[in-house]
Each structure stands twice: as C-alpha cells, then as structure tokens.
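Student: Sequence and predicted structure are below.
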Amino acid sequence: MSGRALRSVSRLSALLVAGCTAGCIVPVQLAVDDTLGETSRFAGSGDAAPSQCTALGGTPLQSLIASAFDESPTLAQSWARLSQARAASRAESGSLLPSLSLSAQRSDASGNGGGSVAGGTPPTGGATGGSDWQATAAASYELDFWGRLDSRREAARLSARAAEADLRTATISLAADIATAWAEWVTAARRVATLEAQYGDARSLERLQALRFANGQSDALALSQAREQAAGVSAQLADARGGLDVARLRLNLLLGRAPDDDRLPAPPDALPEPGPLPAAGLPSALLDNRPDLRAAWLRLQAADARAAAAAAERWPRLTLSASLFTQAEAFGDLFDRTIRQIAAALDWSLFQGGTLAARQDEAEALAVERLYALEQAWLEALREVQAALDSERAAGERIAGLETRLGHARERLTQARRSYAQGQRAYLEVLSAQQAVNSAELEALSARNARFVQRVNLCRGLAANVAGTPPAPERLRSEKEEAS
C-alpha cells in the first residue's frame, strides 16, 4: 500500500471531526473517498475473487465451522450482548412517548375519638372510623425542544447497531480461529506421522548397525551414532504427540466441545492448497466491508449523540402533565366527583457547581477518543491485510525453496547410502544426510501451515466468507427491519 494512503489518515480524522460537530452525518465511504485516491491499492494483491475464501479447507473444515455456530458459547455471549443493546435502545425510544400511570387505593381507619392513645391511657369519647376509595390517573410528556431525548435515543440505536456489527465480527473471528486451529491440528497430525516414519527408518538403521557391529563390519562409533539418531527422533516424536493433543484440545474449545470429545473426524493426509490469491481491493473498501470498523464508526456516532444530549442537559425542560383524581367512601360513588388538573412545568437547573458542564466535556472527550479508536482500528486493518499478503508471498517462496532443498537432501541421502555400502564413506555421512532430509520434511510441514494460516488471516482481514462461514441467522436482522 502506498504512503499516500497512510498520510491520508490525518485528513480523514479532520473530516470526521467536522462531521461529528454537525451530528456525524457524513457517510464513511464518502469521507474516505475524499481522502484516498483510487490508485491506492494493497501491494502484492491477487486477482482471484474474494469468494475464493469460501472454499478454503474444503468440506471437512466447512462442516466443523457450521457445527461451531450452533454450539459456541462465544457466539452465545455476543447474542446476549446484542439483546442487551437492543433492549436499551427500546428503553430510550420509550422516553419520547407520553408516560401514563393509574393507581387505585382503598383505606380503612378506626379508633376512639376525644383523646390521645399516647402513654397507654385509653382516650375517652365515642369511637370513630371509616373507609374510602381513591383513584388517580396521570399523564406527562416532555417537549424535546433541544433534542436531549432524541439524542439519547439515537445513541442507544447506534450502540445496538454497533453490537450487531460486533456479532458479525465474532462470527468471522470464530470461523478464522477454527480454520487456524484446524490447520495446526492437521499439521500436528502430519508431523507425528512424519516423525513416526523417520523413527522407523532410524530404528532400522540402528538394527543394521548393531548387526554389522556384531559381524565385525562396523565399529562402536557408528553404532553409537545410530542409537543417538534414533533417540533424538524418539524425543521429537514424543514432543509432537503432545503438540497434537494440545492442538486437538484447542480445536474442541473453539467448537464449543468438551476436551475429551471424540467427534473430530480423522485429519486429512495433508493441508489442502489455499488456491489463487484473492484480490484485496481498495483500502477504502475495508470501512464498509469490515464489521469491526463499522462498529467503531457507529460508536463514534453514538458518542457524538451522547455529547449532544449532554449539551442539551444544560437547557430548560418543559413538561406537560394532566391528572384525574377521585375519592369516595363507597366504590359506586367513586366517579361521582373528580378533580382534573392540567399543568406545564419548566425546569431549568441554573447552578450545580459545574457538574453539567463537566459532563458535557466528558462526553465530548469520549467522542474524540472514539474518533482516534476508529483511526487506530483502520490503520490496524490496513496492516493486517498488507501483512497477510506479504507473509503469504514469503511463505510461498519458502515452500518452493524447501521443496528444492528436500529434493537435493533426498538425492544426497541416496548417494551417501550407496557410497557407505561400497565402503567409500563413513557412516557419519549417512547420518548427516538423513538428518538433512528429516529437517527439510518437518520445515516443509511448518511452511505449508504458515501459508494456510496467512490465507486465513487475509480472508479475515478482508471480512470475506472464511471457509464457508454460515450466513447471519434470521435473528440478526437488518437496520431497516430492526427499526420497524
């Protein structure tokens, strides 16, 4: 990506600040298009469609991801947070409507008249008592002249939309994390299988050297070297088996399953090829495509709305109220006589020791913080995509080099064994060639895993459909549906 794109961040910040002082009504894409040139692109981007990410890993990985969306407690938490935000939005929306209340009461009174019961001395005089019924209906409505209530409602609505974007982010992150854990699990299984084959070869060479030593065809040094080689591979194998168990546990955790769950299918023989490199597109498109950036933008707008509400708190409030009151001794006479009251109240707090001004400053500072949070998130998104592109390209070059190295190492091992059988080379040459082959095989496994993981990171950075991520459930409705 060109330096022009990075230098434009400061201009984007100024544009966003100008938009927020006017109510944050500047669309994200418009603001970015004004600051980023159309020629600013990610370096090393591919040409394939982003839908290439959908087929990543094939059917086995896609089946695991689909099952995780039904069992993952992580997504369940995100759903709960979204429900909280939507409930808070509905609560703030209710403040724009009139409030109505109704109360009814029946009271009974009894006692002796003509004196006091204080001190335990019964009063003299005749007995008194009675009962009555009361009913009250009241309504009140605040005229939102300064937009305080509307700003609070808008802030809550934007926060709910941000929570929805967070849920979409969680689905992408979960799918990407599962894809990464699955690749590490498959690689760990292949590492164990490779080391088991290497250990079998080492044990065969050890037995061969023991036989040659017994027949006087080899010395004790060669036998010790063979045993050392076998012991070293055995130690690596034990470590690899522990790594396989850890990878399986991590994958089960992401799938929302117990550690001892055995429903994982057998790993494939090798990691599937990631396919052509997808096109990264324009950096400006990330602001619309990535839900985490959309959430940061929405939180900036919500903070601006809360700042507007805090400013409106310093102005007077005008409330209209009406009430209807009735009282009678008998229930049937309750509505024979009523008292009606209509009032308009003006409430203006003129002095609170600077509390309201301080709260306004706090709200405005929070909006500025959200602005820089958006800027930081955008820079991080640019870094993630570019780093994934660079890392995958480097991993591809490393794989090509390792495959060449592995071919030469195997050829060297064949020649060393032939020369040793003919008595032209020492056994140390065979061991050195065998170790080179073993090392190249294990490094190739790690390189293929790194390339696959970087492709996952690229798809995550582009907010693409990672390995067939299931679409958003029906509960995750659009803004238009939620508003209705």
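Tutor: Cool, the structure landed.

Student: Measure how buried residue 324 is and give me the count.
Tutor: By other Cβ atoms under 10 Å, 15 other residues sit near residue 324. All C-beta atoms are positioned from the backbone trio N, CA, C, and that covers glycine.

Student: and the closest residue to it other than its chain neighbours, helix, strand or coil?
Tutor: In this structure, residue 324 finds its nearest non-sequential neighbour in residue 137, 4.5 Å apart by Cβ to Cβ, 6 or more residues apart in numbering. Three-state call for residue 137 (DSSP: H, G, I helix; E, B strand; the rest coil): strand.

Student: Tell me which stretches of the stretch 351-484 of the chain form helices.
Tutor: Taking DSSP state H, counting those that start in this stretch as the test, the helices found in the stretch 351-484 of the chain are 355-421, 427-461, 479-483.

Student: quick revisit: run through the bridge partners of the residue nearest to residue 324.
Tutor: Taking DSSP bridges, one finds residue 102, residue 324 as the beta-bridge partners of residue 137.

Student: tell me the contacts of it?
Tutor: With contact taken as Cβ atoms under 8 Å, 6 or more residues apart in numbering, residue 137 is in contact with 100-102, 323-324.

Student: switch the cut-off to 7 Å
Tutor: Contacts of residue 137 were listed using Cβ atoms under 7 Å, 6 or more residues apart in numbering, and they are 102, 323-324.

Student: residue contacts, the spatially most central residue of the chain?
Tutor: Centroid-nearest residue in the chain: residue 170, 3.5 Å away (criterion: Cα atoms, centre = their mean). By Cβ under 7 Å, 6+ apart, the contact list for residue 170 reads 74-75, 78.

Student: any idea how far it lies from residue 292?
Tutor: As judged by Cβ to Cβ, to the nearest Å, residue 170 and residue 292 stand 10 Å apart.

Student: Tell me how many other residues surround the closest residue to residue 219 other than its chain neighbours.
Tutor: Computed as Cβ to Cβ, 6+ apart, the closest residue to residue 219 that is not its neighbour in sequence is residue 213, at 7.1 Å. Residues within reach of residue 213, counting by other Cβ under 10 Å, total 17.

Student: For residue 213, pull up the helix or strand it's in.
Tutor: According to DSSP states H and E, residue 213 maps onto helix 148-214.

Student: and if you look at residue 256?
Tutor: Assigned by DSSP H and E, residue 256 belongs to no helix or strand.

Student: pLDDT score assigned to it?
Tutor: With respect to pLDDT, residue 256 scores 87.

Student: Residue 65 versus that one, what's the distance?
Tutor: From residue 256 to residue 65 the distance is 12 Å (Cβ to Cβ).

Student: CA atoms only for stretch 143-163, dumped as CSV, please.
Tutor: Coordinates of each C-alpha in stretch 143-163 appear next as CSV, following Å, rounded to 0.1, in the frame of the first residue of the first chain:
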residue,chain,number,x,y,z
LEU,A,143,-41.4,18.5,24.9
ASP,A,144,-38.0,17.7,23.5
PHE,A,145,-37.1,21.2,22.3
TRP,A,146,-33.3,20.8,22.5
GLY,A,147,-33.1,17.2,21.2
ARG,A,148,-31.9,15.7,24.5
LEU,A,149,-34.2,12.7,24.4
ASP,A,150,-33.9,12.2,20.7
SER,A,151,-30.0,12.3,21.0
ARG,A,152,-30.1,9.7,23.8
ARG,A,153,-32.5,7.5,21.7
GLU,A,154,-30.2,7.9,18.7
ALA,A,155,-27.1,7.0,20.8
ALA,A,156,-28.8,3.8,22.0
ARG,A,157,-29.9,2.9,18.5
LEU,A,158,-26.4,3.3,17.2
SER,A,159,-25.0,1.3,20.0
ALA,A,160,-27.3,-1.5,19.2
ARG,A,161,-26.2,-1.4,15.6
ALA,A,162,-22.6,-1.5,16.8
ALA,A,163,-23.4,-4.6,18.9
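
Student: Mean confidence (pLDDT) on it, please.
Tutor: 92.

Student: With stretch 221-232 instead?
Tutor: The pLDDT scores in stretch 221-232 average 87.

Student: Quick check: buried residues in that stretch?
Tutor: Of the residues in stretch 221-232, those buried by neighbour count under the rule 16 or more other Cβ atoms under 10 Å are 222-223, 225-227, 229-230.

Student: Take those residues and write them to CSV, including distance to residue 423.
Tutor: As requested, the buried residues of stretch 221-232 are exported to CSV (distance: Cβ to Cβ, whole Å):
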residue, distance to residue 423
222, 12
223, 17
225, 17
226, 17
227, 22
229, 21
230, 23
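
Student: any idea whether residue 234 is helix, strand or coil?
Tutor: Using three-state DSSP, the structure places residue 234 in helix.

Student: OK, contacts around it?
Tutor: By Cβ under 7 Å, 6+ apart, the residues touching residue 234 are residue 199.

Student: just the strands in the stretch 1-150 of the chain please.
Tutor: Using DSSP state E, counting those that start in this stretch, the strands of the stretch 1-150 of the chain run over residues 99-112, 127-143.

Student: now these as a markdown table including distance to residue 197?
Tutor: Formatted as a markdown table, the strands of the stretch 1-150 of the chain follow (distance: least, Cβ to Cβ, whole Å):
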| stretch | distance to residue 197 |
| --- | --- |
| strand 99-112 | 77 |
| strand 127-143 | 78 |
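
Student: so of these, which one's packed in deepest?
Tutor: When you average the neighbours per residue for each of the strands of the stretch 1-150 of the chain (mean count of other Cβ atoms under 10 Å), strand 127-143 leads with a mean of 14.

Student: sorry, back to before: the helix holding residue 213 relative to strand 127-143, how many degrees between them?
Tutor: 80 degrees (axes from the mean of the first three to the mean of the last three Cα atoms, to 10 degrees).

Student: can you give me the offset of helix 148-214 from its chain's centre?
Tutor: 16 Å (Cα atoms, centre = their mean, to the nearest Å).
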